[in-house]
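Participant: Can you look at this prediction? I've put the sequence above it.
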There are 4 protein chains.
Amino acid sequence: MSQPVRIGLIGAGRIGASHAAVLARRVPEAHLTAVVDPRPGAADLIAGPLGARALSSVGDVLADPAIDAVVISAASVAHRDLIVAAATAGKHVFCEKPAGMSLAEIDEARTAAAAAGVVFQVGFNRRFAADFAAAHDLIAGGRIGEVQLIRSLTRDPGTGPADPGAVPQWTIFTQTLIHDFDTLNWLNPGAHAVDVLATADALIAPDHRDRGHLDTAVVVIRYSNGAIATAEASFAAAYGYDVRGEVFGSNGMVTMGEGATTSMRLHDLAGRAAFTARSDTDLLVDSYTGELTEFCRAVTEKRPAAVTGDDAYAAFAIAQACIDSVTTGARAAVTR
Amino acid sequence: MSQPVRIGLIGAGRIGASHAAVLARRVPEAHLTAVVDPRPGAADLIAGPLGARALSSVGDVLADPAIDAVVISAASVAHRDLIVAAATAGKHVFCEKPAGMSLAEIDEARTAAAAAGVVFQVGFNRRFAADFAAAHDLIAGGRIGEVQLIRSLTRDPGTGPADPGAVPQWTIFTQTLIHDFDTLNWLNPGAHAVDVLATADALIAPDHRDRGHLDTAVVVIRYSNGAIATAEASFAAAYGYDVRGEVFGSNGMVTMGEGATTSMRLHDLAGRAAFTARSDTDLLVDSYTGELTEFCRAVTEKRPAAVTGDDAYAAFAIAQACIDSVTTGARAAVTR
Amino acid sequence: MSQPVRIGLIGAGRIGASHAAVLARRVPEAHLTAVVDPRPGAADLIAGPLGARALSSVGDVLADPAIDAVVISAASVAHRDLIVAAATAGKHVFCEKPAGMSLAEIDEARTAAAAAGVVFQVGFNRRFAADFAAAHDLIAGGRIGEVQLIRSLTRDPGTGPADPGAVPQWTIFTQTLIHDFDTLNWLNPGAHAVDVLATADALIAPDHRDRGHLDTAVVVIRYSNGAIATAEASFAAAYGYDVRGEVFGSNGMVTMGEGATTSMRLHDLAGRAAFTARSDTDLLVDSYTGELTEFCRAVTEKRPAAVTGDDAYAAFAIAQACIDSVTTGARAAVTR
Amino acid sequence: MSQPVRIGLIGAGRIGASHAAVLARRVPEAHLTAVVDPRPGAADLIAGPLGARALSSVGDVLADPAIDAVVISAASVAHRDLIVAAATAGKHVFCEKPAGMSLAEIDEARTAAAAAGVVFQVGFNRRFAADFAAAHDLIAGGRIGEVQLIRSLTRDPGTGPADPGAVPQWTIFTQTLIHDFDTLNWLNPGAHAVDVLATADALIAPDHRDRGHLDTAVVVIRYSNGAIATAEASFAAAYGYDVRGEVFGSNGMVTMGEGATTSMRLHDLAGRAAFTARSDTDLLVDSYTGELTEFCRAVTEKRPAAVTGDDAYAAFAIAQACIDSVTTGARAAVTR
């Protein structure tokens, strides 16, 4: 095997901790070299047990010649600047979604990466889930004919945000449904989103409706090949993390997203039960491993990653159209 | 047991033949007395093997004191007139959906039935499917909390209409999705549909798009309790008749609609297969039995049936709003 | 349709009540004419609401020319005598399993029926479950090739017999597993059971082990075509009535027996649940309807029923071999 | 993280190649240092792409101070000697099943490992499958009460051995069902196997029956806690690699083994299909990863592995009893 890709992780929050552990324990193609976080002690907590260095300045990571690439799991508002800085410093970049806070920011980010000639991958992990990948292969191979109807949904586990007032207004589109938008784009190969009708409301936290909080949404997207897609999200699924897909074509249908943690079934007085995943890291650890492995391989093989800045832009363009649609109450065009 | 309800079946087409057989062979509470159809020989074909009389005039059925009730499976354009005439003649009425060609017609029909004091039931069979009924019971009992997201879909089996040009323009809403509209209303007890956003296209028969043909549709409905519903239809599902439902609430979710004809599974070189239903009569024979049994019991017990003229009106009101929405491209209000 | 078969039901116990209701409400080919039971009032309780006459003497039923056939759901010890008497009186006979208390008794019963030329069907209801029937059709059509391994199991719902000491010693073989033995014979068309190795114990009620009580059993059967079958039973399944089958052949496998009451699924904090059947009448109402419909049709069409006295004999022969095997601890031959 | 365990792989056959790739690519706790195989070029083929050294002598591996542990995937006949030599050389040992060709050999192996104080793990990978592990946890936690009935089965994918005559006579017990024997022991915690009744035949290759070939087997095992277990194997499952388990207790049941490669489902003209695994490496890659990770962790943490030499002995004791039972036709005791 080639030398592992030496990685500096930027942002030691919940998802950062998960990525660090996946990189150190499940991706032999990676070497977790450093972890950086501005909060005192945050980087140490993660870096220590995994044998990485804890740094407190992003500049130290970017200046370190012994680091090949960065994995960005910092706050979304910082993504664009971090991507641009890392790319400019010649580091390959894996960044959590969204790659920026607007289409303009994402465009800057992808342009900087392209100019620097570095690999730039965005964290659309669903593409690396085994069932979604298998479905994609069948669709791309023509197995179900022309794509006509598509569905993708994300429902976060639990009882909803502790403080709905602290959730930025359009989060359901830019942070949650953006996964579904990328999934829909990817599962409808060769087509692009044309326009959007979004319906959203505060059903979990109705007290916050008047202040613009949105925790439940249904989006209908028309694609250039005529396919009609539905994306759906909720911030609070009592039964666990629910991620599903369905693609209906002229010759058949594929469905994805089982939800059960394993194929074990418990039969007792309550009936027959499948245990469902209670967290993203529970449901998606294989997907996280898959996307980070792909990133390292793209770096090693000096080729673009399977998910690019253009994909990040296309998914965000749908999120932006949703914001427009909710604002106007009408169908909104998707920027290309 | 009480005396069976003596039934005259009006309309000996495909669904009429199915209803006749179900009444004669699977509903002991019913006695199929007569079958009437204006087409020469059509009534005989069905009535003969089932021991019923074949008549050629609806008037003969309505004038016959030995007939208690009619089951109407004639062309939809005739439904309103047949319901009014039968009710006026004092016959209880079971009518296939839709109960009329417009809200005004359905209003006339339900008014005539109410004035005559007869039982009036509409053929929303999905309510009698075992899985849908079980889901309804859980929802109505509060098991999943507040209803937030609902989905209902109907995909007809096969390759689509032989002559798409012969399909009336709004059929997908008034004949197909009307089942889903009633299902959504019923699975969201105590709430009513407020407005609708409909997206529809000719994806199966794109050559007929310019002439207004619609064979694929996705509808988003907002309900008075905030719930957001999606209804979806296609005229051509390669894998069989697909009827599903999903209700997501604050405390959980119920799903309905399995599609497999039995729980038998075949494991061979192709993998593990469930056989899927290839026709409505294949998938729904128990539902047909259930709705016709309910009708006979309502007649015998002198009580309203479980599906009323008001339900027929409410479902059609959503279909009408879909027509409005497709016409204007905007959200359309649902008449109450 | 032909005239319904006029039926006298003998034995108004739990299963008799179920058969009476199925005959009256779900089998138009049947007319439940009379119910007879020696216990005061037992017949009335069932016959009244269903519009049938209550009789207290079997002789009255057998002497009644307005009764075409009997359905026997009396105590097993009475089966042979009732079958012989009914057949001799010219009545067609449907009898619950087992058709007698020994191979000799069953032989007498089938001989009497044959001599009288009446239809004689035994209540092996599993053949009429939709999934088992579908599996049988595939197997008989050669779809899975040569049958090599078979499994059939029956687990009764609940916590086991209230009084294990009152359960006759070999009940698990002659009353419970006899269903599985017939199922195995039927799912291995053209072959016959050769010998048996039975393992049985008192695991639910171990205090009764020393007195010969057996509540759990596993039986291995070798067939003339080499196929090796496993039959398994328990008197107490906490999660409900569990009836399954599996046939593995040279070209594939079919599995049967889902256990869920409907395809509805509930997703909540406990995971995703299927509700399981809690009683035989809950799980098997369609099978009971099917077997009684078949009986009426065989009578009407003057042909042998799908389950014959020979099938009753062949299944009991395996039960007898199990008794021999448990007694000797060795492999026991199956009488043909 | 600690330093990876430096591993020498002995035996570069099919399963050796799989283990090498898993060690190099999926187990960061391992470092694949060397591969050894007596066949010219065999070790190079595997070692090269994975960055390991290719050696031709086991002695070189055992003498190398830079190797901490060996993974033995050589021919079964060599297992005992290799284990003893490696342990004596102070290397930790992971060995494919069976750990020897007889109970005496396995006893020698475990004794040597114990004397040397090295970690000794046997390749019972099923314990590391997610669904089996989840079931085990529930059982061990008392969730289903007292264990009463157990089932474990292994059916190899494909059409059976190319040359049945070349398969050693008792392979189905010592190489295939040994997995099931360990699984049954493990899923029935605290109990041990008492005796065995084995039924086996040549159903896939009946022409080899007379020469003692056995390709299909059903085994019934009685445990010290009364539980009755069934183990079943076939060398040729047309639909893929089939590995399942089922444990029935006084309070419920757990089932394991789904067989589908992913939760993706394809719906087309043939119905609804799950794709099934076509090879052990396809179905079990996560289990292989799990067992090799466990081995490295046991080495690092200086503790016994989760599967020990005693487990290897106990599983082989059941295989030996099966051989005895087939030979005598009677129940055979299991050596402890």
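Facilitator: In hand now; what should we look at?
Participant: To what extent is the closest residue to A:Ala75 other than its chain neighbours buried, counted in neighbours?
Facilitator: Distances taken as CB to CB, 6 or more residues apart in numbering or on different chains place A:Gly11 nearest to A:Ala75, at 7.3 Å, with adjacent residues excluded. (Each C-beta comes from the backbone N, C-alpha and C, glycine too.) Neighbours of A:Gly11 under the rule other CB atoms under 10 Å in any protein chain shown: 29.
Participant: Can you list phi and psi of A:Gly11 for me?
Facilitator: The phi/psi pair for A:Gly11 (degrees, to the nearest 10) reads phi 110, psi 100.
Participant: cool, A:Ala166 as well?
Facilitator: According to degrees, to the nearest 10, A:Ala166 has phi -90, psi -10.
Participant: Contact partners for it?
Facilitator: Contacts for A:Ala166 (CB atoms under 8 Å, 6 or more residues apart in numbering or on different chains) come out as none.
Participant: I figured A:Val22 hits A:Gly290, correct?
Facilitator: No: A:Val22 is not in contact with A:Gly290 according to CB atoms under 8 Å; the separation is 9.7 Å.
Participant: If you count surrounding residues, which of these two has more?
Facilitator: Neighbour count, other CB under 10 Å: between A:Val22 and A:Gly290, A:Val22 has more, with 24 against 21.
Participant: if I've got this straight, the more buried one is in a helix?
Facilitator: Yes: under DSSP: H, G, I helix; E, B strand; the rest coil, A:Val22 sits within a helix.
Participant: and the gap between it and chain B?
Facilitator: Applying CB to the nearest CB, to the nearest Å, the value for A:Val22 to chain B is 29 Å.
Participant: Distance check, that residue against A:Thr289.
Facilitator: 5 Å (CB to CB, to the nearest Å).
Participant: Show me what from chain A comes close to chain C.
Facilitator: A:238-240, A:242, A:259-260, A:267-276 (CB under 8 Å from any CB of the partner chain).
Participant: For A:Val5, list each beta-bridge partner.
Facilitator: A:Ala30 (DSSP bridges).
Participant: right, I mislabeled it, should have said A:Val70
Facilitator: Going by DSSP bridges, A:Val70 forms beta bridges with A:Gly8, A:Val93.
Participant: residues contacting the closest residue to A:Ala140 other than its chain neighbours?
Facilitator: Leaving out its chain neighbours, the residue that sits closest to A:Ala140 by CB to CB, 6+ apart is A:Pro189, at 5.2 Å. By CB under 8 Å, 6+ apart, the residues touching A:Pro189 are A:His136, A:Ile139, A:Ala140.
Participant: Please flag which of these sit within helices.
Facilitator: Of those, the ones assigned to helices by DSSP state H are A:His136, A:Ile139, A:Ala140.
Participant: for these, which one is nearest A:Leu283?
Facilitator: Distance ranking of those against A:Leu283, using CB to CB, places A:His136 first at 18.2 Å.
Participant: ok, the closest one - how many residues close by?
Facilitator: 22.
Participant: which parts of the stretch 151-300 of chain A sit against chain B?
Facilitator: Residues of the stretch 151-300 of chain A lying near chain B (CB under 8 Å from any CB): A:155, A:197, A:199, A:201, A:203-204, A:206, A:216-218, A:220, A:222, A:226-228, A:230, A:232, A:234, A:236-239, A:242, A:248, A:250-253.
Participant: Mind checking which of those are buried?
Facilitator: If you count burial by 16 or more other CB atoms under 10 Å in any protein chain shown, the buried members of these come out as A:155, A:197, A:199, A:201, A:203-204, A:216-218, A:220, A:222, A:226-228, A:230, A:232, A:234, A:236-239, A:242, A:248, A:250-253.
Participant: contacting residues for the residue nearest to the spatial centre of chain A?
Facilitator: Central residue of chain A (CA atoms, centre = their mean): A:Phe124, 3.4 Å from the mean position. Going by CB under 8 Å, 6+ apart, A:Phe124 touches A:Lys97, A:His179, A:Asp182, A:Thr183, A:Trp186, A:Glu291, A:Val307, A:Asp311, A:Ala312, A:Ala315.
Participant: just A:His179 next, same as before
Facilitator: A:Lys97, A:Phe124, A:Asn125, A:Arg126, A:Ser152, A:Thr154, A:Val243.
Participant: cool, and A:Ala332?
Facilitator: Going by CB under 8 Å, 6+ apart, the list of residues near A:Ala332 reads A:Asp195, A:Val196, A:Leu197, A:Ala198, A:Ala321, A:Cys322, A:Asp324, A:Ser325.
Participant: Now do the SS call for the last one.
Facilitator: Put plainly, it is A:Ser325. Per three-state DSSP, A:Ser325 ends up helix.
Participant: ok, now the fifth one?
Facilitator: Under the three-state scheme (three-state DSSP), A:Ala321 adopts helix.
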